[in-house]
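Trainee: Okay, sequence plus prediction incoming.
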Amino acid sequence: MNWDDVRFFLATARTGQVTAAAQRLGVDQATVGRRVAQLERMLKTKLFDRSPRGYELTAEGSRLVPYAETIESQMLEAQEVVGGNQRALTGVIRIGAPEGIASHLIAPGAAALCKEHPQIEVHMVALPRTFSLSKREADFAIAVSRPTSGRLVVRKIADYRLHLYASKSYVEARPPIQELADLKKLRGIGYISELIFDRELDYIPLINPELTPHLASTSIHVQLEWTRIGAGVCILPDFVARRHEDLVRLLPNDISLTRTFWMVVHEDNARLDRVRRCMEPIVNGIARSLHAINDGG
């Protein structure tokens, strides 16, 4: 089996589109189609059902995927063994993470990594969703919920805390907020309930199921901006809110949540030296920052 054919097959299987596979591999669409067809001829079986919507794996194609991923992992390991004597990190490392931690906790470590290893390229996939490590959407990911299935290596990074915040101007313009019942008189800010990608982020029902955000967004940065301009009150991670002196914490004895960040990497990637060397300083940097924030209260 030709490795080049296999990698074209995997890219197509993971994206479901010849166009997307071509972009990922840096070739034209015709090349992808030709290499996939060549693999099908060699195996004497149909691997994809083609349609205007894209390429969908057949039963035979689905059975081939884990074998193809094993070949991919072996090739990556072989590249490290053959060329791994050099200590300089090169190429692309892709990190998947929610946007809040990506911008506030990962960005400094990623910048430092690039400074130390000028040939490395860090791609930060900062989206409000979970990531498929088996499809190589990321080399490793930071998650709020601990995965319970799949060929994954999972490690706890650190806990982080969340509290209810509002701008000083918003608080000063209203009667004192002294108890949970007072929240019904305030404008709430939060996530769009049906679009929350991780139930660990569904905070409001834990405070009062009757509360509904008047301003809702899938983006924590939009929620933060609304809070800062005095549009309402919002539950924010302390590592986000602490950067803004114009925000004040409300009802800290009544509203205090703790969540956990997890480092998640596919078993195959966990064996790769370059992934480990990129992952460790970033993960350790996140842990140090959160421990310092938590200890500071």
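Mentor: On my side now, so go ahead.

Trainee: What is the neighbour count of residue 195?
Mentor: Residue 195: 11 surrounding residues under other Cβ atoms under 10 Å. Heads up, the C-betas are built off the backbone N, CA and C, glycines and all.

Trainee: for residue 157, same thing?
Mentor: Count around residue 157 with other Cβ under 10 Å applied: 20.

Trainee: Which SSE is immediately downstream of the lengthiest strand in the chain?
Mentor: As assigned by DSSP state E, the longest strand anywhere in the chain is strand 152-167. Following strand 152-167 in sequence order, the next helix or strand is helix 168-172 (DSSP states H and E).

Trainee: what's the helix or strand following that next one packed up against?
Mentor: Remark: after helix 168-172, the chain's next helix or strand is strand 188-190, criterion DSSP H and E. Counting contacts by 3 or more Cβ pairs under 8 Å, 6 or more residues apart in numbering; DSSP states H and E, strand 188-190 is packed against strand 215-216, helix 220-228, strand 233-237.

Trainee: Out of these, which gets nearest to residue 71?
Mentor: Residue 71 lies closest to helix 220-228 among these, at 39.1 Å (Cβ to Cβ).

Trainee: Each with direction, which strands does the longest strand of the chain pair with?
Mentor: Looking at strand 152-167 with DSSP bridges, its partner strands are strand 233-237 (antiparallel), strand 247-250 (antiparallel), strand 256-266 (antiparallel).

Trainee: and the next element down the chain from the last one?
Mentor: Read in the C-terminal direction, the helix or strand following strand 256-266 is helix 267-270, with elements assigned using DSSP H and E.

Trainee: in that following helix, what's buried?
Mentor: With burial defined by 16 or more other Cβ atoms under 10 Å, the residues of helix 267-270 counted as buried are 268-270.

Trainee: Output the residues you listed in JSON lines; the columns should cover pLDDT and distance to residue 69.
Mentor: Output for the buried residues of helix 267-270, formatted as JSON lines (pLDDT from 0 to 100; distance: Cβ to Cβ, whole Å):
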{"residue": "268", "pLDDT": "82", "distance to residue 69": "7"}
{"residue": "269", "pLDDT": "84", "distance to residue 69": "11"}
{"residue": "270", "pLDDT": "86", "distance to residue 69": "14"}
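
Trainee: circling back: output the strands paired with strand 152-167 in a markdown table; the columns should cover mean neighbour count.
Mentor: Shown next, in a markdown table, are these (neighbours: other Cβ atoms under 10 Å):
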| stretch | mean neighbour count |
| --- | --- |
| strand 233-237 | 25 |
| strand 247-250 | 19 |
| strand 256-266 | 18 |
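
Trainee: Compare these and give me the one nearest residue 147.
Mentor: Proximity to residue 147, assessed across the strands paired with strand 152-167 by Cβ to Cβ, is greatest for strand 256-266 (5.8 Å).
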